[in-house]
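Colleague: From the sequence below, what's the structure:
(chains A, B, C and D)
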Amino acid sequence: MTEKIGVYVCHCGTNIAGIVDVEDVAKWAAEKLQRRGVVIARDYKFMCSSLGQELIEKDIKELGLTRVVVAACSPHLHEKTFRNACKNAGLNPYLCELVSIREQVSWVHTDKVVATEKSKAIVSGGVERVIWHEPLEPLRVPIHPATLVVGGGIAGIQAALEIADAGYHVYMVEREPSIGGHMAQFDKTFPTLDCSACILTPKMVDVGNHPNITLLTWAEVTNVDGYVGNFQATIRQKARCVNTELCTGCGICWEKCPKKVIDDVFEAGLGKRKAIYTPFPQAVPRYPVLDKANCTYFLKGTCKACEKFCPTGAIDFTQQDEFLQIDVGQIILATGWDLFDVRRMPQYGYGRLANVFTSLEFERLSNASGPTGGKIVLRDGVTPPASVAIVHCVGSRDKNYNPYCSSICCMQSLKFAHLVHERTGAEVYNCYIDIRTPSKGYEEFYQRLLEEGTHFIRGKVAEVTNAYRTPEEEGKLIVQVEDTLIGKQRRIPVDMVILSAGLEPRHDAKEVGRLFGISCSADGWYIERHPKLDPVATMTDGVYIAGVVQGPKDIPASVAQGAAAAARALGKIQQKEVAMEPIRATINEDKCSGCRMCNTLCPFNAILFHEDKMVSEVNPALCQGCGTCVAACPAGAISGTGFSNEQILAQLDGLLLLNIKRLEEIPA
Amino acid sequence: MSEQTDINKPFEPVIIGFTCNWCSYRAADMAGTARMKYSPNIRLIRLMCSGRLDPTFVLKAFAGGADGVMITGCHPGDCHYVEQNYKALRRFIILKKTLQQFGIEAGRIKLLWASAAEGAFFTEEVNKFVEQVRALGPLQWPTSGGGLEKMFAVPEHMLVKEVTV
Amino acid sequence: MKEYVYFPGCSLEKIAISYHLSAVETTQKLGIKLTELEDWNCCGATAYFHVDELLAYTLTARNLAMAEKIGSEIVAPCSACYKNMYFTNVHLNEDPDLAEHINEALQEDNLSFSGKMVVKHLIEVFSNDVSSEEIKSKVIYPLSGLRVATYYGCQILRPKKDHEDVEQPHYFEDLMSAIGATPVDFPLKLTCCGGSLLISSRPAAYSMIHNLLYDAQRAQADVIATACPLCQVNLECYQQQVNQEFGTHFAIPVVYFTQLIGLSMGIPPKKLGFGKEFLSPKKAIDAIKNIKSQEEVITQ
Amino acid sequence: MSTNGKPKFAMYWAASCGGCEIAVLNIHEKILDVDANFEVVFWPVAMDAKYKDVEAMEDGSILLTLFNGAIRNDENEHIAKLLRRKSKLLVAFGSCANEGCMPALANLSSVKDMVDTAFTTITTDNPQNIRPNTSYTVPEGELYIPTLYPVVRTLDQVVPVDYYMPGCPPESHQIAAVIDLVIQVLQGKAELPPAGSVIGAGGSTVCDECPRTRNEKKIKKFERIQNIMIDPELCILEQGVLCSGPATRSGCDAPCPKAGSPCIGCYGPAEGAEDYGSRLMTAVASVIDSNDPAEIERIFEGIPDPAGQFYRFNLAGSLLRFSKSAWKE
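Modeller: Residues are numbered from 1 along each chain as shown, chains lettered A, B, ... in the order given. Modelled structure (predicted):
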């Protein structure tokens, strides 16, 4: 045995030492694995601390260690730390192996004896594996300075502006005709009640005019190839039927368009738009899109009113969808959320009982530029309500629908209550499970509402019905709810019910996630790299998430995440290049018989076949290191650095303690 | 290993688990971070992808004394490497078939898809599998040391001849 | 020709005899064959499952096991019978241990439960298995103008079947429209009738019945149509007490949906068990009488 | 026994079919070089010899022993150990000695089953259901016949082996080459390869020597060769017939694929492959053209006997080596 191996067992305070007898593990390794090359085995309070690292560095220098095994936490946490320690001591960082006895032992097991035994096996596995490690150099690839931001809501806008202002190019892709997202639909924002449009519009305009931002609205990303620093994205620019070169956004076309269409997107079905339209007056960009599905010309072959009246001749019925290819270094996903479909809870009567509204409908209803000009009225469009019930947690905190808390509904409902109160003087009943106001100025807002005389009823609403039992109830919506504070069932007759519907992942979140190589949690929100320490990065290098895509959150949090994601992207751009794990497959030409078994296996097309030499070869730039071809090669001609057969089989030996057995058979 | 020294003690199987770096290993990490408890009989090996799973590893594990082997990866469609977990699936199916001919029960090998978010699920499944293997009893493949020699007792008359030189 | 194993259940023997009669008559008209299960036993009703679950399951499983021998689908007109058989079926299929346990008991009777039986409520037969066209084609006297409160009751929809809307179903209404009647807006159509509360807490039961009658009256229903003997009894037989209790003057007849269908198909009221009720559904029967008399006029 | 000073040569067959001997004789006049350069001291198939003569020899007195056949019974083991002691160079010759070959397929069933099959099938006339006795007493003393072991082993599972020469049998041109080599070594003209290495074979796999054109592989269905017309030009595996070529060590010059029949893998695993069967298995499985479990199952139904298919020659040499039924019963 030529290698000199050092084994370091971490206490992690009591995190490991509380369950695993770390001293014993170290002692055991020093004795039993001595003949496998272990020259030193230590245990230490915190291996990851600078002192702990120095311990390793010292041994490397003084004992001339050629391999290092650290038994501590998950490699996903501290692999880099200990690799650096080796590097500092002049040992190739890849000659270090970090095995997890915290996540995989002390945190998940309770029996100390068994846990200690398992830790020994894991250490022994690490030792056997590390013997087969080879010195490696990380691959360095240049980073393309441009960034793709998907989604033009407030989170995306923030991210785009941060990067663009820093002087780097941004492509912003938005599915709808205008950026602005849900925030553009709101009238007021809690808790300050400043007007949503007033604070959002300037930012939208900045995006529209920014020299460093290429704005692609009415467009979708259809394909993404490549890897961090070098992504190639394909974007479908849907046909606008408007020549943006010529269009001035004067608006004559949509004035003249004879076709009225119910606007399910921006007006949440409450208002109408034309067949050629911009969703709202402050839309960015200002040029409209022509909705072919509803345009009289496309349906009947006649009309062309817009074309006739357009002063600049910008209307172009022949426009087709275009596909653009762009190169970017990194990607920020801020694709936002969908509203929970309240029809899934028929007991609340939406769609059946006219005056039951969704939260988004109410946002439009209360919006000065909305269909009623900000007048809060019943469906008939005229009658102001004398009493309004606001149902919290619709579809949220309910195992039949979404178990999670949508986090904004409480504040939103309070805002609604305030607006109703302010504009109609109606009696307002807020039916809640718990009131959650955990942010700056939120609790104060709640107090304010209490003082305004809004009724708060603690209980989950059972049903909303029109089945009156008393003359008072006649013609009203009756909200059946148990008031858990007085322990009584209550029937509250009201004129209007607002369902504070929860936030849901976009209906196509999963597909979009796959497109960008990131995965969704069970709830459907995108998974961050670390829930606390890395909330905007994802498991896929170079792809970040911002805003509600990562989980329900309010505007300030979305903005913060947008900025955070931008900062992460900028950080990488500044580095100019990324170091990539040198985990790659290589084919031994002499062994390769050119059977072409591996050729179809690579999703990144990294394997090419040389007809002339009749051998296959791996392109290291494209190889992502999954090792599928390594496992598949019938001749064993392909080897995978970092995860070679030798390494894994050796680790198996160690885990099963066969190494010890063998040693016992042959005397020293 | 699997030897039952004390018959009153329940048999403690040794199980090798192969995890993929992106989903199932992170599920295991999550189980840890959330302090979920599962039975200590399983020892994990990290691969970059379930597609790296070479049947040799599984055979080696059994030959080396493991009583059960669990192969885990990302859910179909969620593979970090697009679709490599399907290759694992294909290998698993034929491997299982082959192992049965070797008398290794289908219940000793399991393929599990677990996403990075499914720490709890991972925990449950590990526990289930450990119990399943426990119920099947020790495998103790002779090549794992001990037992093999016993198979080849050379009879007396042969040994006698040996020393006639 | 559709065939079902028929499980009448105890109440259809006496108190709900009219349900039984009308069920048999109407299904015959539609060319549906009901084969009554021989030697059937009580379904356990609402109480037994809370007394001894295991025995209750066995009791119900016995019926299902016997039914397996003669058919593939079993239909119960009584909601309680239906609910018990349906969830026993579901539960035993999900829990093989329990099934094994119960099969041991059934062995005594040389029976075994395989769980392959499909359990249906009678109204499902009319609303799913038979198309509304088929029904319409058999209607001779559309009950035009008859305002019907379609009362599902609480048990038909439990436990939930796949793709079944348990919050706002409308198949009962559709069925009534098919025979020319007018289903009214009856929001409480799924609300409990009080069930066996009448035994344990009369006041509670009365107020529940009151709410239902009130809602039906609000909707100006001529008649409440039900698909459950217990609902029928509670809503009809206790109207007097409810009136005394609440000082109301309810007089709303409560009939079985099969009786109305029978009428519309021209089956003589007697054969449908009419005349046994406390509150005569005169309006319903008159509806036809009128048409008949008009016809006579025409034919003369 | 007289000696002519020539280095001694021995060849022995344990559990084998004799094909290896024929392959040796098949080197034609080269056999004369053998005679010219060696004194053949022990070769049961070619000349009369007694075990006791061998036992009487000095340890290490035989220069080269070609040992073919697997270790199936105690006699095999005894002679293996004996020849190991007596020989300088012990070569595991042919598939049986290397990896178990056909005899080792018996490792999938118990000895009892085997004997039953041999002595009680309908084709056997054995009314009293007799089984062979391993020992029998006669006036002259005790007679023995070898005892079957529960499982077949390879030569190197019993004694240390110097060189491995794969093939069922080894191709004659390879044998000739090896003999040439040894002679050259004797004449000091060449060096012996490092101990433990595989001789008389290539470093790649059979596809390397197969002339058929090959493309990217996608398998939707496995065919049995008798059911289809094999395209003479195209890779056999791509035609759905399971060919072991991709996983099998080169050196044979791919006679089978050339003749239009799939490689069955007699040259054993490629250099450094831990387990032949799993290499073949993983390769074949990887190119199945489906992601649907049910369909994959269906496609694999085309391989009714995977163990026999993937481990046809390699069972004793594989990681598991035998089935549970072989050692548990």
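Colleague: so who does the residue nearest in space to the middle of chain B touch?
Modeller: For chain B, the residue nearest the mean C-alpha position is B:Val69 (1.6 Å; C-alpha atoms, centre = their mean). Applying C-beta atoms under 8 Å, 6 or more residues apart in numbering or on different chains to B:Val69 gives the contacts B:15-18, B:58, B:61-62, B:108-110. Where you see a C-beta, it was placed from the backbone N, CA and C, and this is true even at glycine.
Colleague: can I have the helix or strand where C:Leu98 lies written out in CSV, keeping just the CAs?
Modeller: Secondary structure assignment for C:Leu98, by DSSP states H and E: helix C:96-107. C-alpha atoms of helix C:96-107 as CSV (Å, rounded to 0.1, in the frame of the first residue of the first chain):
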residue,chain,number,x,y,z
PRO,C,96,-56.4,-7.5,2.1
ASP,C,97,-55.8,-8.5,5.7
LEU,C,98,-59.2,-7.4,6.7
ALA,C,99,-60.7,-9.2,3.7
GLU,C,100,-58.8,-12.4,4.6
HIS,C,101,-60.1,-12.1,8.1
ILE,C,102,-63.7,-11.7,6.9
ASN,C,103,-63.4,-14.4,4.3
GLU,C,104,-62.5,-16.8,7.2
ALA,C,105,-65.9,-16.0,8.7
LEU,C,106,-67.6,-16.4,5.3
GLN,C,107,-66.0,-19.8,4.9
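Colleague: any idea how far chain B is from the residue lying farthest from the centre of chain D?
Modeller: When distances are taken from the C-alpha mean of chain D, D:Pro139 lies farthest, 40.2 Å away, according to C-alpha atoms, centre = their mean. As for D:Pro139, its distance to chain B is 18 Å (criterion: C-beta to the nearest C-beta, to the nearest Å).
Colleague: quick one, strands of the stretch 151-300 of chain D?
Modeller: D:163-165 (DSSP state E, counting those that start in this stretch).
Colleague: For A:Lys308, pull up the helix or strand it's in.
Modeller: helix A:305-309.
Colleague: can you pull the pLDDT of A:Ala668?
Modeller: If you check A:Ala668, the pLDDT there is 58.
Colleague: can you tell me the helix or strand for A:Pro211?
Modeller: With DSSP H and E as the criterion, A:Pro211 is inside neither a helix nor a strand.
Colleague: ok so, going back, quick one: average confidence on the helix holding A:Lys308?
Modeller: Taken as a whole, helix A:305-309 carries a mean pLDDT of 94.
Colleague: mind listing what's buried in it?
Modeller: A:305-307 (16 or more other C-beta atoms under 10 Å in any protein chain shown).
Colleague: Please tell me how far the nearest residue to A:Thr217 once chain neighbours are set aside sits from chain C.
Modeller: Among residues not flanking A:Thr217 along the chain, A:Glu174 sits closest, at 4.4 Å (C-beta to C-beta, 6 or more residues apart in numbering or on different chains). Note on A:Glu174: its distance to chain C, by C-beta to the nearest C-beta, is 37 Å.
Colleague: just A:Gln447 next, same as before
Modeller: 37 Å.
Colleague: before we move on, back to that, which one among the buried residues of helix A:305-309 gets closest to A:Tyr227?
Modeller: The closest of those to A:Tyr227 turns out to be A:Cys306 (C-beta to C-beta; 44.4 Å).
Colleague: Pretty sure the residue nearest to A:Thr217 sits against A:Glu220.
Modeller: No - counting by C-beta atoms under 8 Å, A:Glu174 sits too far from A:Glu220 to count as a contact (9.0 Å).
Colleague: ranges for the helices of chain B?
Modeller: Taking DSSP state H to define them, one finds helices in chain B at B:24-33, B:55-63, B:84-101, B:119-136, B:156-162.
Colleague: And stretch C:243-260, end to end?
Modeller: 26 Å (C-alpha to C-alpha, to the nearest Å).
Colleague: Let's test this: mean pLDDT of that stretch, rounded?
Modeller: Mean predicted confidence for stretch C:243-260 is 94.
Colleague: and if you look at stretch D:40-60?
Modeller: 92.
Colleague: Return the set of buried residues in that stretch.
Modeller: Going through stretch D:40-60 with 16+ other C-beta under 10 Å, the ones that come out buried are D:41-43, D:49, D:54, D:57.
Colleague: According to the record, where do the domains of chain C fall?
Modeller: C:2-123, C:139-299 (automatic domain parsing).
Colleague: Switch the ones you listed over to CSV; also include mean neighbour count and distance to chain D.
Modeller: Listed next are those as CSV, based on neighbours: other C-beta atoms under 10 Å in any protein chain shown; distance: least, C-beta to the nearest C-beta, whole Å:
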stretch, mean neighbour count, distance to chain D
domain C:2-123, 19, 23
domain C:139-299, 19, 23
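Colleague: Least confident of the ones you listed, on average?
Modeller: Across the domains of chain C, the lowest-scoring stretch is domain C:139-299, with a mean of 89.
Colleague: is that one anywhere near chain A?
Modeller: Yes - shown here: domain C:139-299 in contact with chain A (C-beta under 8 Å from any C-beta of the partner chain) through C:165, C:167-168, C:185, C:187-188, C:211, C:214-215, C:218.
Colleague: Pull the contacting residues for residue 107.
Modeller: No chain specified, so I'll use chain A. If a contact means C-beta under 8 Å, 6+ apart, then A:Trp107 has A:15, B:31-33, B:35 as its contacts.
Colleague: ah, I was thinking of chain B
Modeller: Contacts of B:Gly107 (C-beta under 8 Å, 6+ apart): B:68, B:132-133, B:135-136.
Colleague: Can you report how many residues lie near residue 89?
Modeller: Just going to use chain A. Neighbours of A:Ala89 under the rule other C-beta atoms under 10 Å in any protein chain shown: 18.
Colleague: that's the other chain; I wanted chain B
Modeller: 24.
Colleague: In which helix or strand does C:Ala287 reside?
Modeller: Going by DSSP H and E, C:Ala287 is part of helix C:282-299.
Colleague: Does the residue of the stretch 201-350 of chain A at minimum distance from chain B belong to a helix, a strand or coil?
Modeller: When scored by C-beta to the nearest C-beta, the stretch 201-350 of chain A has A:Asp225 as its residue closest to chain B, at 10.9 Å. Put simply, A:Asp225 is strand when judged by DSSP: H, G, I helix; E, B strand; the rest coil.
Colleague: Now it: closest residue in space that isn't a chain neighbour?
Modeller: What sits nearest to A:Asp225 in space, not counting adjacent residues and going by C-beta to C-beta, 6+ apart, is A:Gln232, at 4.7 Å.
Colleague: ok, that neighbour - contacts?
Modeller: By C-beta under 8 Å, 6+ apart, the neighbours of A:Gln232 are A:224-226, A:325-327.
Colleague: Out of these, which is nearest to chain C?
Modeller: A:Val224 (36.9 Å).
Colleague: Pop the domain breakdown of chain A in here.
Modeller: A:5-136+A:646-665, A:146-233+A:506-580, A:239-320, A:338-503, A:585-641.
Colleague: how about the ones you listed, which one is nearest B:Cys74?
Modeller: domain A:146-233+A:506-580 (7.3 Å).
Colleague: Show the average pLDDT along that closest one.
Modeller: 94.
Colleague: Any idea how far that domain is from the middle of the chain?
Modeller: 10 Å (C-alpha atoms, centre = their mean, to the nearest Å).
Colleague: Then stretch D:84-96?
Modeller: Distance, centroid of stretch D:84-96 to centroid of chain: 13 Å (C-alpha atoms, centre = their mean).
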